[in-house]
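S.K.: Structure here, sequence nowhere to be found:
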């Protein structure tokens, strides 16, 4: 008797992943809005004490050049410039005595601010982003 083993389904690789805690929090935020047309937009902007900073928002718009994907039941969108800096990142939601917030673990960051909201990817130009506004994120107290 021979047994045929089924091959596991190939996991779809997404540019960003969410932890269970982050996915749950985003789903709660979307449910509070009572809208089913919202995406989690993750983006990178110039600024912060390390040159670049993360941003997230609920957004119903998909712009030309945006990458749209889903992870853990959450629909996400990332613009093409930001995608360069956040591909491979994991979005988490952490709760402390001071409250809760999202945190991004980014394998592309070569240095980060103490609070984790600002980072540098090691390329001085940060193509497509205005990094002149840097100088302090103000939230970590390290500047």
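M.R.: That came in fine, so what should we check first? These figures come from a predicted structure and were not determined experimentally.
S.K.: Next, the contact list for the nearest residue in space to residue 79 that is not next to it in sequence, please.
M.R.: In space, residue 79 comes closest to residue 66 once its chain neighbours are excluded; the distance is 5.5 Å by C-beta to C-beta, 6 or more residues apart in numbering. Using the backbone N, CA and C atoms, a C-beta is placed for each residue, glycine as well. Residues in contact with residue 66 (C-beta atoms under 8 Å, 6 or more residues apart in numbering) are 77, 78, 79, 80.
S.K.: again, but for residue 75
M.R.: Counted by C-beta under 8 Å, 6+ apart, residue 75 has contacts 38, 39, 40, 68, 69.
S.K.: from those, which two are the most distant?
M.R.: Distance extremes for the contacts of residue 75: the farthest pair is 38 and 69 at 14.8 Å, using C-beta to C-beta.
S.K.: Output the below-cut-off pLDDT ranges for the protein.
M.R.: 1-12, 48-50, 111-143 (pLDDT under 70).
S.K.: 50 instead, please
M.R.: Applying pLDDT under 50 to the chain flags residues 2-11, 131-143.
S.K.: Buried residues of the lengthiest helix in it, list them for me.
M.R.: Counting residues, the longest helix in the chain under DSSP state H turns out to be helix 20-33. Buried residues in helix 20-33, counted by 16 or more other C-beta atoms under 10 Å: 21, 22, 23, 25, 26, 30.
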